[in-house]
Structure formats: C-alpha cells, structure tokens
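Colleague: Give me a 3D structure for the following:
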Amino acid sequence: MLARQNRLIKADDFRSTMRLGRKIGSENLVTYIKLEENQPHTRFGFVVAKTVGGAVKRNLVKRRMREISRELLGENASGLTVVVRALPGAAQISWAQLREELIASVQTGVKKAR
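Modeller: Take a look at the predicted model:
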C-alpha cells in the first residue's frame, strides 16, 4: 500500500489530472501526469475497469502498478500527480513488461509536463 500522502483519493483529483494533465498512451496503459507546484508529494491514482478482467485480474494489475509506483517515488521530484488507466491487455502481460511500460510512460510524461 502506498502512504496516504502518495495516493489520489478524491474523484476531483482524478478528474482534474485526466482533464488537465499530459496524456501518454502505450500499448496497455494510458498515463496522465500533471505538475502541481503547491503539492509537496508525488501522488498516484489507478483506474482499472471491468474490461481488464474479473476482480482477481483487476486487483492483480492494481497491486503490480502500486508496487511499481512505489519504486518511482524515489526517482521523481515532488509535485507530480499521476493517474494510470489500465487497458484490457494489462492483465495478460508479465510483471517485467508492465514495469517497463509504466516506468517509460511516467518518464516521458515528466519530460512533457515540464
């Protein structure tokens, strides 16, 4: 589990990040990144719809993305808000592929957001 200060909780935060943030698409993920100067922590939120699979597969994808985002917390500056939306193929790919895809999309998004 991510620390509370590193999680997106409010629906308005998800909506504003998805509406105003930079969008980075990849094969199995869509990542939205917004730079917020007044935010002291990097925050992550995850959207995994029923199109990804049943509850077991959706939870597996969310757990994997949370663990990868925990790795990314140390690498990125504070003030980022990241929303990751999993596409249906995310449940079928391996841990390494998901990790590579998420890290690449966040790094690309950080460059675009600045």
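
Colleague: ok, Glu67 to Thr81 distance?
Modeller: Counting by CB to CB, to the nearest Å, the gap from Glu67 to Thr81 is 19 Å. No exception for glycine: its C-beta is placed from N, CA and C like everyone else's.

Colleague: With neighbour numbers in mind, choose between the two.
Modeller: Neighbours per residue (other CB atoms under 10 Å) separate Glu67 from Thr81, with Thr81 holding more: 23 against 13.

Colleague: From the contact counts, what lies against the helix or strand where the more buried one lies?
Modeller: Assigned by DSSP states H and E, Thr81 belongs to strand 80-86. Using 3 or more CB pairs under 8 Å, 6 or more residues apart in numbering; DSSP states H and E as the contact criterion, the elements in contact with strand 80-86 are helix 11-20, strand 29-35, strand 43-48, helix 55-75, helix 95-113.

Colleague: who's in contact with the residue nearest the centre of the chain?
Modeller: Residue closest to the average C-alpha location in the chain (CA atoms, centre = their mean): Val84, at 3.1 Å. For Val84, the residues meeting the contact criterion (CB atoms under 8 Å, 6 or more residues apart in numbering) are Leu29, Val30, Thr31, Tyr32, Phe44, Gly45, Phe46, Val47, Met65, Ser69, Leu102, Ser105.

Colleague: Over to Leu98?
Modeller: The contact partners of Leu98, taken as CB under 8 Å, 6+ apart, are Asn28, Leu29, Val61, Arg64, Met65, Ile68, Ala90.

Colleague: Distance of the residue nearest to the centre of the chain relative to Gln97?
Modeller: 15 Å.

Colleague: And for Asn38?
Modeller: 35 Å.

Colleague: low-scoring stretches of the chain, by residue?
Modeller: Residues of the chain that meet the criterion pLDDT under 70 lie in 77.
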